[in-house]
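>>> predicted model, plus sequence, below.
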Number of protein chains: 2
Amino acid sequence: MSENEIQCSCEGCHLKTVVYNSLNDADILSVCGDRRECRYSKGDVIIEENAEIKEFIYLKSGLVKIFRKVADGREQILNIATPMEFVSLLSVFSEKYYKFSISALDETSVCVISLDLIKSLIISNGNFALGLMEKMSKNADKIILQNLSLNMKNLRGRIAYILLIFSKDIYKSECFDLPVSRKEIAQLIDMTTENVIRILSEFRRDNIIKINGKNIEIVNLKVLEQISIHG
Amino acid sequence: MSENEIQCSCEGCHLKTVVYNSLNDADILSVCGDRRECRYSKGDVIIEENAEIKEFIYLKSGLVKIFRKVADGREQILNIATPMEFVSLLSVFSEKYYKFSISALDETSVCVISLDLIKSLIISNGNFALGLMEKMSKNADKIILQNLSLNMKNLRGRIAYILLIFSKDIYKSECFDLPVSRKEIAQLIDMTTENVIRILSEFRRDNIIKINGKNIEIVNLKVLEQISIHG
DNA sequence: CGCGGCTTTGATGTTCATCAAGTAAAGTGG
DNA sequence: CCACTTTACTTGATGAACATCAAAGCCGCG
């Protein structure tokens, strides 16, 4: 777990453009004074399940997976979070300990702010509170809807769906490197590793995608979208 | 949609004991003045998908299902909400229109408060904001965890799981009347109506439960819990 | 009374997980 | 740097789990 702290000003930070818009200069200064920035490499654990929730974590850049451990060492991935997301937004205000783990899928830097400071800002600054609630609401909605959507699809539909998320939401390109292994895709969309591979191979055979190791190129977007909807 | 308004004082209301604890007398008075109480009968629609979000809704008593419509008239149920829950807590701060519908599974009464008033309370009263965020966080966590748990279970495990939720969380008794049809159970735990019935019959045959129409009695709790965990 | 929705059971076929076996890639220690 | 081990990837064969189809009884409601 390589964890290097870096000093930087909050001036150009994305944070300001998200919820921190509602903070005045004094508030920003206190956040700025309190916060640390941490960098992680692919594979590093950022948050460990069952650890005490003491801090509020914001994803500045990179990519992370949010997951939980289930029986016999297996893992269930519930979301892949992209920059500008408050990754610890799930249990953070209701629980004492994390219910999920978070680890880096890529070079990732996060901002860490003490939860007490955030709570005092919520109490003293209503607009900040409202902005944060909006974020929480969006975040939860997205995860819940994604889950519901996946549940009603067959395996081909799920693979198509997740490829489209990588393409449209995460990389905004029809050609991208998968940030996860086949096994992790399986853990994310609830199927076996073998079937992930099998169906990717099918899609390649049918000239819907090109595969080169981790690299995926979507050749026939229309068909992929059809499969995503209609299995 | 039978919707009768009733006047009542907020004095003995559950609301106070949940988040409204943090409200002072003046705030309570303004909530009290603004709010309406509505009653619904089994089957009544309380919130319609795609309707504009203008109000904040709190479930005082009864039972409701939160669901969404998918292709060819099918429905997917994402949660059954019990009293003391803010049923509109999902999209309410992030979206302009509801993404889900809510309908009564039983005689139900809800409190309706204008969203603007709630927002102004959030802004003016930090502790209220914090309390509400706690509620939102718990609510989302519960739905997400329930979904993840269901996903990894086989059909027998899912039926056992949902029976235990009815027994422990909702009715707090080992004998209860199902508030939903077999079909709705299927929509809630993602399987077919036929298999819901088949597995309930299996459980009866194995003396794990007794069935009498909608009435269920859990005879062998231990075994049901085992099935819920290990399929 | 009859119609439509809910419930139930059985038979059948499809989808998917599991098992097995092999190749490729990537990390590890001498 | 190379042998060695481990982990990721891939394909095929098999069987189990599950959805679908079909048919019939039941119940409430107009």
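Done, it's in. Numbering: from 1, shown residues only, chains lettered A, B, ... in the order given.

>>> from now on I want contacts and neighbour counts done on CA atoms only, so please keep to that.
Will do.

>>> can you pull the pLDDT of A:M191?
Listed pLDDT for A:M191 reads 97.

>>> ignore what I typed, I meant A:A71.
At A:A71, pLDDT is 79.

>>> same question for the one 5 residues further on.
With respect to pLDDT, A:Q76 has a value of 96.

>>> neighbours of it, how many?
Look at A:Q76: counted by other Cα atoms under 10 Å in any protein chain shown, it has 22 neighbours.

>>> same question, A:D206
By other Cα under 10 Å, the residues close to A:D206 number 11.

>>> cool, and A:G33?
Neighbours of A:G33 using other Cα under 10 Å come to 13.

>>> and it, what helix or strand is that in?
According to DSSP states H and E, A:G33 maps onto helix A:25-34.

>>> so what does the residue nearest the centre of chain A have for phi and psi?
Nearest to the mean C-alpha position of chain A, by Cα atoms, centre = their mean, lies A:A81 at 1.0 Å. Backbone geometry at A:A81, expressed as degrees, to the nearest 10, gives phi -100, psi 140.

>>> hang on, A:R156 packs against A:E225?
No: at 11.1 Å, A:R156 does not count as touching A:E225 under the criterion of Cα atoms under 8 Å.

>>> quick one, which of these two is more surrounded?
A:R156 (21 against 16).

>>> quick one: buried residues of stretch A:72-92?
Across stretch A:72-92, burial judged by 16 or more other Cα atoms under 10 Å in any protein chain shown covers A:75-92.

>>> please read the previous query as pertaining to stretch A:107-126.
Buried residues in stretch A:107-126, counted by 16+ other Cα under 10 Å: A:108-115, A:117-119, A:121-126.

>>> please flag which of those sit within helices.
Mapping the buried residues of stretch A:107-126 onto helices (DSSP state H) picks out A:L115, A:L117, A:I118, A:K119, A:L121, A:I122, A:I123, A:S124, A:G126.

>>> correct me, but the second one touches A:L29?
Yep, that's A:L117 we're talking about. No: counting by Cα under 8 Å, A:L29 is not a contact partner of A:L117; they are 11.8 Å apart.

>>> can I take it that A:S201 is in a strand?
No: under DSSP: H, G, I helix; E, B strand; the rest coil, A:S201 falls outside any strand and is assigned helix.

>>> quick check: the gap between it and DNA strand C.
13 Å (Cα to the nearest atom of the strand, to the nearest Å).

>>> contacts for stretch A:49-64, please.
Stretch A:49-64 is contacted from outside by A:14-15, A:68, A:80-89, A:92, A:95-116, A:118, using Cα atoms under 8 Å, 6 or more residues apart in numbering or on different chains.

>>> how about stretch A:166-177?
Contacts of stretch A:166-177 (Cα under 8 Å, 6+ apart): A:T82, A:L178, A:K214, A:N215, A:I216, A:E217, A:I218, A:V219.

>>> now do stretch A:92-107
Defining contact as Cα under 8 Å, 6+ apart, one finds that stretch A:92-107 is touched by A:39-53, A:56, A:61-69, A:91, A:179-180, B:130, B:133-135, B:137-138.

>>> so it, near DNA strand D or not?
No: with Cα under 7 Å from any atom of the strand as the criterion, DNA strand D is not reached by stretch A:92-107; the gap is at least 12.4 Å.

>>> so how far is that stretch off the chain centroid?
Centroid separation for stretch A:92-107 versus its chain: 10 Å, with Cα atoms, centre = their mean, to the nearest Å.

>>> low-confidence ranges in chain A?
Per-residue confidence for chain A (pLDDT under 70) gives these ranges: A:1-21, A:88-89.

>>> need the residues of it near DNA strand C, please.
A:K153, A:N154, A:L155, A:R156, A:D190, A:M191, A:T192, A:E194, A:N195.

>>> just the buried ones from those residues, in ChimeraX syntax?
In ChimeraX syntax, the buried subset of the residues of chain A next to DNA strand C is picked out as below (16+ other Cα under 10 Å):
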select /A:153,155,156,190,191,192,195
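
>>> and the residues of chain A next to DNA strand C, which two are furthest apart?
Using Cα to Cα, the residues of chain A next to DNA strand C reach their maximum pairwise distance at A:K153 and A:E194, which is 17.7 Å.

>>> about what we covered before: any chance of the residues of chain A next to DNA strand C in JSON lines, plus secondary structure and distance to DNA strand D?
Output for the residues of chain A next to DNA strand C, formatted as JSON lines (DSSP: H, G, I helix; E, B strand; the rest coil; distance: Cα to the nearest atom of the strand, whole Å):
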{"residue": "A:K153", "secondary structure": "coil", "distance to DNA strand D": "10"}
{"residue": "A:N154", "secondary structure": "coil", "distance to DNA strand D": "9"}
{"residue": "A:L155", "secondary structure": "helix", "distance to DNA strand D": "12"}
{"residue": "A:R156", "secondary structure": "helix", "distance to DNA strand D": "14"}
{"residue": "A:D190", "secondary structure": "coil", "distance to DNA strand D": "12"}
{"residue": "A:M191", "secondary structure": "coil", "distance to DNA strand D": "12"}
{"residue": "A:T192", "secondary structure": "coil", "distance to DNA strand D": "9"}
{"residue": "A:E194", "secondary structure": "helix", "distance to DNA strand D": "4"}
{"residue": "A:N195", "secondary structure": "helix", "distance to DNA strand D": "7"}
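
>>> among the residues of chain A next to DNA strand C, which ones lie close to chain B?
Among these, the ones lying near chain B by Cα under 8 Å from any Cα of the partner chain are A:D190.

>>> looking at the residues of chain A next to DNA strand C, which is nearest B:A186?
Once Cα to Cα is applied, the member of these that ends up nearest B:A186 is A:K153, at 15.3 Å.

>>> wait, that closest one sits on A:Q226?
No: in this structure A:K153 lies outside contact range of A:Q226 using Cα under 8 Å: 11.9 Å.

>>> just the ones in helices among the buried residues of stretch A:107-126 now: which is nearest DNA strand C?
A:L115 (35.1 Å; Cα to the nearest atom of the strand).

>>> if I look at the closest one, how far off is A:K135?
16 Å (Cα to Cα, to the nearest Å).

>>> now do A:N207
Taking Cα to Cα, one finds A:N207 at 39 Å from A:K135.

>>> show me which of these two is the more surrounded one.
A direct count of neighbours by other Cα under 10 Å for A:N207 and A:K135 places A:K135 higher, at 19 against 13.

>>> just give the closest residue to the more buried one, not the sequence neighbours.
Spatial nearest neighbour of A:K135, excluding adjacent residues (Cα to Cα, 6 or more residues apart in numbering or on different chains): B:S94 at 7.1 Å.

>>> circling back: can you give me the buried ones in the helix holding A:G33?
Applying 16+ other Cα under 10 Å to helix A:25-34 flags A:D27, A:I28, A:V31, A:C32 as buried.

>>> which stretches in chain A count as strands?
Taking DSSP state E as the criterion, chain A carries its strands at A:5-6, A:36-40, A:45-47, A:55-61, A:64-69, A:75-81, A:101-104, A:108-114, A:175-177, A:209-212, A:215-218.

>>> no more questions from me, cheers.
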